[in-house]
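# Please find the sequence and the predicted model below.
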Amino acid sequence: TCLRKTIDTMQSLLRDLWQSFHHARFWVFSAWLDIVASSRMSRMGILWLLLPSFLYIWGVGSFFALLQHHEMRDFAVYIAVGTIVFRLITGVIVESTTAHKASSSFIMDGHTRLSDFVLRVIAKAVFAFIMSLPAAAMAIAVYPHLSAVGLVLGIAALPLVLVNILWIGVVFSLIGARHPDFSHVVPNMFMFLYLLTPIIWSAQQMPPGSVRGRLVTWNPFYYLIETVRAPIMDGHYDVRALLVAGALAVVGWLVAILAYRRWARFVPIWI
């Protein structure tokens with residue numbers, strides 16, 4: 001009986017996700033419609049999505065490279081990969097807090113497969129990530145120590161980041177539906193987290209025993225970024241980053257499955 005209950009608990013979220021992936025038209029096209037609608041009045045349209053990554057990598061990156069006496073061709077890839085992976089994760093976190101509220105009309109009409117609305121948020125974040133790749137590709141291209149093996153290893157680590165992003169979207173969407181103020185708190189935290197995470201500065205600069213060094217050790221964003229960035233820069237994986245990212249995925253998915261089973265049915269009431 002206990003095993004049966006455990007299986008039923010797991011099936012709730014996994015079943016909805018399975019159906020969402022098999023009926024992807026709704027969340028894929030609604031995500032694309034949101035992107036197009038947000039830029040329909042501008043002359044450049046969705047090309048404006050190229051601008052933030054260029055500004056962060058080549059504007060902010062140049063300033064901090066000069067400040068820290070780094071060669072820009074060495075530092076550009078460090079800040080580029082860090083920025084685009086960080087923006088991918090935080091984009092999902094911020095928008096998932098309003099995912100169900102923004103889709104309340106669909107939910108009230110009886111569309112109760114909540115995984116569709118989480119996947120719509122992730123689809124939009126992935127599209128923004130793709131639009132940031134040209135700026136990152138320029139940084140990678142000028143990196144003097146780049147190896148083909150390292151680049152392949154870095155790309156191969158992206159699914160682990162996406163697996164973590166998916167459970168994060170599920171959990172934060174439920175919290176945002178229950179606590180509307182959460183959607184106002186979260187965006188204001190990320191400027192601080194961006195500065196706290198080794199993106200515009202190197203983790204190796206911080207002594208292990210220092211306060212900032214300990215903060216890096218407990219920063220999950222750092223490990224998710226390093227799963228992709230370390231092989232691109234050094235040609236091999238950071239084993240500790242992989243282990244932490246894997247552990248986050250296992251624990252996070254258990255939390256997401258239990259939370260979805262317990263609270264998903266209350267979302268139509270909360271919104």
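Thanks, I have it.
# tell me the SS of Arg113?
Following DSSP: H, G, I helix; E, B strand; the rest coil, the label given to Arg113 is coil.
# same question but for Phe29, I mixed them up
Classified using three-state DSSP, Phe29 is helix.
# number of nearby residues for it?
Here the number of neighbours of Phe29 (other CB atoms under 10 Å) works out to 12. Any C-beta I mention is one placed from the backbone N, CA and C, and that applies to glycine too.
# can you check the one 5 residues further on too?
For Asp34, the count of nearby residues is 16 (other CB under 10 Å).
# in the stretch 151-271 of the chain, which spans are helices?
Secondary structure of the stretch 151-271 of the chain (DSSP state H, counting those that start in this stretch): helices at 158-178, 182-196, 211-217, 220-234, 239-263, 267-270.
# repeat for the stretch 1-150 of the chain
Using DSSP H, counting those that start in this stretch, helices in the stretch 1-150 of the chain cover 2-22, 25-38, 51-54, 61-67, 72-96, 99-102, 104-108, 115-141, 148-156.
# among those, which is the most enclosed?
By mean neighbour count, with neighbours taken as mean count of other CB atoms under 10 Å, helix 72-96 ranks first of the helices of the stretch 1-150 of the chain at a mean of 22.
# Hey, what's the angle from that one to helix 148-156? Just curious.
Counting by axes from the mean of the first three to the mean of the last three CA atoms, to 10 degrees, helix 72-96 points 10 degrees away from the direction of helix 148-156.
# before we move on, the earlier item: please name whichever of the helices of the stretch 151-271 of the chain is nearest to Ala65.
Nearest to Ala65 among those is helix 220-234 (14.6 Å), distances taken as CB to CB.
# With mean neighbour count added, can I get the helices of the stretch 151-271 of the chain in JSON lines?
Written out in JSON lines, the entries for the helices of the stretch 151-271 of the chain read as follows (neighbours: other CB atoms under 10 Å):
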{"stretch": "helix 158-178", "mean neighbour count": "21"}
{"stretch": "helix 182-196", "mean neighbour count": "14"}
{"stretch": "helix 211-217", "mean neighbour count": "14"}
{"stretch": "helix 220-234", "mean neighbour count": "23"}
{"stretch": "helix 239-263", "mean neighbour count": "16"}
{"stretch": "helix 267-270", "mean neighbour count": "16"}
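# Any idea which of the ones you listed has the lowest pLDDT on average?
The stretch with the lowest average pLDDT out of those is helix 211-217, scoring a mean of 72.
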